[in-house]
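[1] Below is the sequence, then the predicted model.
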Amino acid sequence: MRMWITILFSVLLTFVSPFGRASEAGIPNPFADPLPARKRDGLSARFTNEVSFDNYSLSLQGQRIFLHSGEFHTYRLPVPDLWLDVLEKVKAAGLNGVSVYTLMAALNPSRGVVDFNDWRALQPLYDAAKEAGIWITLRPGPYINAESTAGGIAHWLTSEVAGELRSAAADYTAAWTPYIQGIINETSPNQITEGGPVILLQVDNEYNQAQGAGYFAELESVYDSSSIVIPLTYNDPGEGDNFINGTGAVDLYGLDSYPQGFDCSNPQNWNPITTNYHTYHESANPSQPFYFPEFQGGSFDAWGPTAPGYPQCEILTGPDFQSVFNRQLWASNAKLTNYYMIYGGTSWGGIPFPGVYTSYDYGATISENRALTNKHVELKLQGIFLRSSPDFYKTNVIGDSSTGLTAGAVTNTAAFVTLLRNPDSGAGFWVVRQASSTSTATTTFKLNVTTAAGTKLQIPLVAPTITLSGRESKVLLTDYPLGSGSTLLYSTAQVFFAGVIGGKDVVFLYGPSAQAHEFALKLSGATTRTSSITFTSGSTKGLTGNQTIISVASGFSGVATISESATQLVLFADSVTAGTFFAPVIPASSGDFKNYWGLGTNESVLVGGPYLVRNASITGNVLALRGDLNITTGSAKTSLVIVAPTSITSVTWNGAKITATPSKGSVVFDGSIPAAAHTVTVPKLSGWKFNNSLPEILSSFDDSTWTVANHTTTNIPFPMVYGDGRITYGCDYGFCENIVLWRGHFEGTGVEKSVNLSINGGEAFAASVWLNDVFLGTSFGNSTNDANDIAQTDQKFTFPSGAVVVGQDNVITVVQDNMGLDETSGSDTDASKSPRGITGFALFSGNFTEWKVQGKIGGYLDYPDKVRGVLNEGGLFGERQGWHLPGFDTSAWQSRDLSTGLPNSAAGVGFFVTTFDLNIPAGLDVPLSFTFGEPLGQPYRVLLFVNGWMMGKRVGNLGPQFKFPVHQGILDYSGTNTIAVALWAMEPNVTISPQLSLTLDGVFTGGVGNIATNNPVFSPVGRE
């Protein structure tokens, strides 16, 4: 049943506080001693103690955590059944949280209407997060930026509100209140206090307190008067001390940082690390933990032929960037970090702002088609370490190489070290990097350390040196606890996992094969000696306490059991091999948080070999593993190494029993997954049917049902450039998004020679102009990798002789592409009230008798497609008719291949429609894309509709995007699919020949389970 939440502005905002669920005891944490979270003046007494923090870190139900999170926008993946897939991949990387923007522009399509149905729903996200064991920081705005149209603010609001956006103006407050009320209603039952996953809620986004204090106070008063009891947070776009104290101050302050910026053209050219994070935090909010609500996890990419594309962004922010820059956050004592983005997704329909194209891949850890990138490996190595290291959740910065660190030092000034130490256990975390963070040199050194007992050592003691191979950072350890009883005295190797498995203290160390590594601890079992691994009695190097020094020579590869006993297991692998391992959480048998590490369970296993391990469970003596294998290039047996309790006698993979054999008394199992042969082919796109989609230029066209553009005042604060007093901005008439058509009427006298039009569509827009059925030309906006951008043109269009029909009605028709509304520009918050449309018109000579405008059918209020939503369609004739929808009858249309373009090489708009069948076997995850194969430069635009969803905008003359991933759930993998291409040829008599094909991006066994499709078919109701 469709449920629309309609909230009238006269509703009294009174909310009853829930009694809350009793706090669970959780898993004991020796460092669970935080103070209550800092409260803003006047904060409701109902503020929960289930989420608290001190100057060190965040605590949930008394358990310290390192909030290790990634940004995920569900609105950029409009298939709710796939959200769990993303969250499982986040969890597999060792992360424990996601940060989620919600898009007001989609949820609040018109005044007072808030829609949480279908892909706009929040409950499926909350349910998936509970299932995956992922915490949520919710960021509902109303303004979110996020490279989204109007920064996320609802389009209707930009023209209907006279007051300044993002201010305390009464009409702006009245406009956003129903939306925030809806967010509260959906989220309140899903807070941690109610057994839900939501632990933090952000107020608006990146703002200046001097300008926005009153606005923030208004938002906070609504939350404080509601059943929201979790801390309110803020993300400062720079080191500005905003909203820490005073009016509008939040509970927990955070700092955003993008050290590499947003141009991926030269991905090997780095900016250096930021070195003052810690000193800024100590001066700004030292009583709170250091929080990064957004830290660079990729970059957006811009329109234009010189834009580098997302593969370059993936390189710019790749594993070496993650190694150096993420660990610099650790060195700065940050304990809450969120990578923007962890999964970027797709800015489909009218979602993007003008600066970006359809793909929002972002060069993120998980690619737009949901495949894992090599960034996932490095992030997993970091994430499992953080999960394994509760001593790291409470540390003091002791000093670094620039401050005269007395507890230790590097022996080579080309290296740099920062020491963090747990004040209770004495565990030391020595973060080392190149002194010049952009250096690609190989740097060797030794490290002088002081242990918790006061012993001074120069490590390594046996191996030659510590090595940094170019852009690399490491965390070296002293006095590092392992599980229940063991401790690493020191280690120059990295720790992947430390914990208890099957009653044994397990530590899994790793390091690059080309480097030597060393660590020392008290061994309790037999050792495995090889030519690459040597054991030295610590007493020979002055160590006490029966320490053994283990040295791994350069050149070692694979995984080795260093030592195993009834109480201890020590493993070492080279970095590549370690990167093939996962550490899935074994859920508890019951409880609200049974899937959450720390609160519900501290049990895990190790699994090496598969492409992805999604989760694991133990029932009796059976270990059930669920995950994926990558068989894109062929199928072969997958070898496994499993570390699991000795009680395990059987292992299953996706429900099927597999071979897994332990050595006697060992928790290390060797096994394999049989080859799974699957052949997947995709059809060729053929059988296209064609119809003209620009009847508006014909003399017979009747625009009597169109909206008359007769306003003489507007709330949009950008005056018309010229005209006769009428306002011709699309948003003023309910047509903000996608393509909008204008028709200007005048009575022909024969003296009219030309028309001047100023047209605003946003960066990289275009607008084509006709006089009656005579093409006059196209105004081209521009973007060249976010430079030389043209958002508005002013052009004279000359009438050919005989084009004006004397004594009759003549019509200027303008087809205009809206590229989205602008985001806030500095302190100009009304920049989002973008003047999209015709910003100036003048006949030479004569006057327009009437202007008519038409965008998406129904405007904000009566658009018929409530599933795909308000941003999916524009005003093309074919869209208004529903030609893009499955089930529309095209049997009477002419056959014409898309590659031949429009008939007679004319300028204009036409629809090409075809269908194809898919029959992809269950149990496979098969990413597919629609790919344009012709070279960049042809003057056309394409809107790509897949089963009715506008999944791509291809700009043939600008680019760079040519490949458009489309997911299962939009595509029906077991049925018929409809593809509609709206082709807009912007110049006549030139080659326009789109070469569109369906391409296979990968084949993965295991997959994502059953994915529902929700693709409503054509209905004439509400259509023209």
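    That came through fine.

[2] residue contacts, S754?
    Counting by C-beta atoms under 8 Å, 6 or more residues apart in numbering, S754 touches 796-799, 843-844. C-beta coordinates here come from the backbone N, C-alpha and C atoms, glycine included.

[3] Out of these, flag the one nearest to G591.
    Using C-beta to C-beta, F797 comes nearest to G591 of the contacts of S754, at 69.5 Å.

[4] Show me the two of the contacts of S754 that sit farthest apart.
    Going by C-beta to C-beta, the pair spanning those furthest: T798 and L843, at 12.1 Å.

[5] which one of those two has more residues nearby?
    Neighbours were counted for T798 and for L843 using other C-beta atoms under 10 Å; L843 has more, 19 against 13.

[6] CA atoms of the helix or strand hosting the more buried one as CSV?
    Using DSSP states H and E, the element containing L843 is strand 837-844. The C-alpha trace of strand 837-844 is given here as CSV (Å, rounded to 0.1, in the frame of the first residue of the first chain):
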residue,chain,number,x,y,z
GLY,A,837,15.1,29.1,-18.5
ILE,A,838,15.0,32.0,-20.9
THR,A,839,16.6,34.9,-19.0
GLY,A,840,16.1,37.4,-21.8
PHE,A,841,14.0,37.6,-25.0
ALA,A,842,13.7,40.3,-27.6
LEU,A,843,12.3,40.3,-31.2
PHE,A,844,13.8,42.6,-33.8
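
[7] got the contact list for the closest residue in space to V870 that isn't next to it in sequence?
    Closest residue in space to V870, ignoring its immediate chain neighbours: P109 at 3.9 Å, by C-beta to C-beta, 6 or more residues apart in numbering. Applying C-beta under 8 Å, 6+ apart, we find P109 in contact with 115, 154, 156, 860, 863, 869-870.

[8] Which parts of the stretch 1-150 of the chain are strands?
    When assigned using DSSP state E, counting those that start in this stretch, the strands of the stretch 1-150 of the chain occupy the ranges 5-6, 51-53, 58-60, 63-65, 67-72, 97-101, 113-114, 135-139.

[9] same deal with the stretch 751-900 of the chain?
    754-760, 766-771, 774-780, 782-784, 787-790, 792-798, 809-818, 837-844, 850-854, 894-895.

[10] Redo those as JSON lines? Include distance to D127.
    Below are these laid out as JSON lines (distance: least, C-beta to C-beta, whole Å):
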{"stretch": "strand 754-760", "distance to D127": "43"}
{"stretch": "strand 766-771", "distance to D127": "43"}
{"stretch": "strand 774-780", "distance to D127": "47"}
{"stretch": "strand 782-784", "distance to D127": "40"}
{"stretch": "strand 787-790", "distance to D127": "42"}
{"stretch": "strand 792-798", "distance to D127": "45"}
{"stretch": "strand 809-818", "distance to D127": "35"}
{"stretch": "strand 837-844", "distance to D127": "42"}
{"stretch": "strand 850-854", "distance to D127": "40"}
{"stretch": "strand 894-895", "distance to D127": "47"}
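
[11] among the ones you listed, which is nearest T829?
    strand 754-760 (18.8 Å).

[12] averaged over its residues, what pLDDT does that closest one have?
    Averaging pLDDT along strand 754-760 yields 98.

[13] Just the buried residues of it, please?
    Neighbour-count burial for strand 754-760 flags 755-760 (criterion: 16 or more other C-beta atoms under 10 Å).

[14] Stretch 982-995 too?
    982-988, 992, 994.

[15] same check, this time on stretch 619-635
    Neighbour-count burial for stretch 619-635 flags 623-632, 635 (criterion: 16+ other C-beta under 10 Å).

[16] Between all of those, which two are at the greatest distance?
    Largest separation among the buried residues of stretch 619-635 by C-beta to C-beta: L623 and T632, giving 27.1 Å.

[17] Relative to G837, tell me which of the strands of the stretch 1-150 of the chain wins on proximity.
    Ranking the strands of the stretch 1-150 of the chain by proximity to G837 (C-beta to C-beta) places strand 113-114 first, at 24.0 Å.

[18] which other helices and strands contact that closest one?
    In terms of contacts (3 or more C-beta pairs under 8 Å, 6 or more residues apart in numbering; DSSP states H and E), strand 113-114 is packed against strand 5-6, helix 170-187.

[19] Of these, flag the one that's most buried.
    helix 170-187 (a mean of 21; mean count of other C-beta atoms under 10 Å).

[20] Would you mind getting the angle between that helix and strand 135-139?
    160 degrees (axes from the mean of the first three to the mean of the last three C-alpha atoms, to 10 degrees).

[21] Now whichever helix or strand comes after helix 170-187 - C-alpha only, CSV.
    In the C-terminal direction, the helix or strand that comes right after helix 170-187 (DSSP H and E) is strand 198-202. Coordinates of each C-alpha in strand 198-202 appear next as CSV, following Å, rounded to 0.1, in the frame of the first residue of the first chain:
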residue,chain,number,x,y,z
VAL,A,198,21.3,5.0,13.9
ILE,A,199,23.8,6.6,16.3
LEU,A,200,24.4,10.1,15.0
LEU,A,201,22.4,12.7,13.1
GLN,A,202,24.0,15.6,11.3
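
[22] Give me the contact list for strand 198-202.
    51, 58, 60, 97, 99, 126, 135-140, 187, 190-192, 223, 228, 230-235, 252, 293.

[23] Report the angle between that strand and strand 67-72.
    Using the same axes, to 10 degrees: strand 198-202 against strand 67-72 is 70 degrees.

[24] now strand 198-202, how far from the chain's geometric center?
    17 Å (C-alpha atoms, centre = their mean, to the nearest Å).

[25] Tell me the predicted confidence for the residue lying closest to G502 once chain neighbours are set aside.
    The shortest distance from G502 to any residue other than its chain neighbours is 3.2 Å, reached at P645 (C-beta to C-beta, 6+ apart). The score at P645 is 96. That number is its pLDDT.

[26] In contact with P645, which residues are there?
    501-503, 605, 618, 667.

[27] what about it, which SS state?
    When classified by DSSP: H, G, I helix; E, B strand; the rest coil, P645 comes out as coil.

[28] burial measure for the nearest residue to I180 once chain neighbours are set aside, as a count.
    Take I180 and drop its neighbours on the chain: the residue closest to it by C-beta to C-beta, 6+ apart is V222, 5.6 Å away. By other C-beta under 10 Å, the residues close to V222 number 18.
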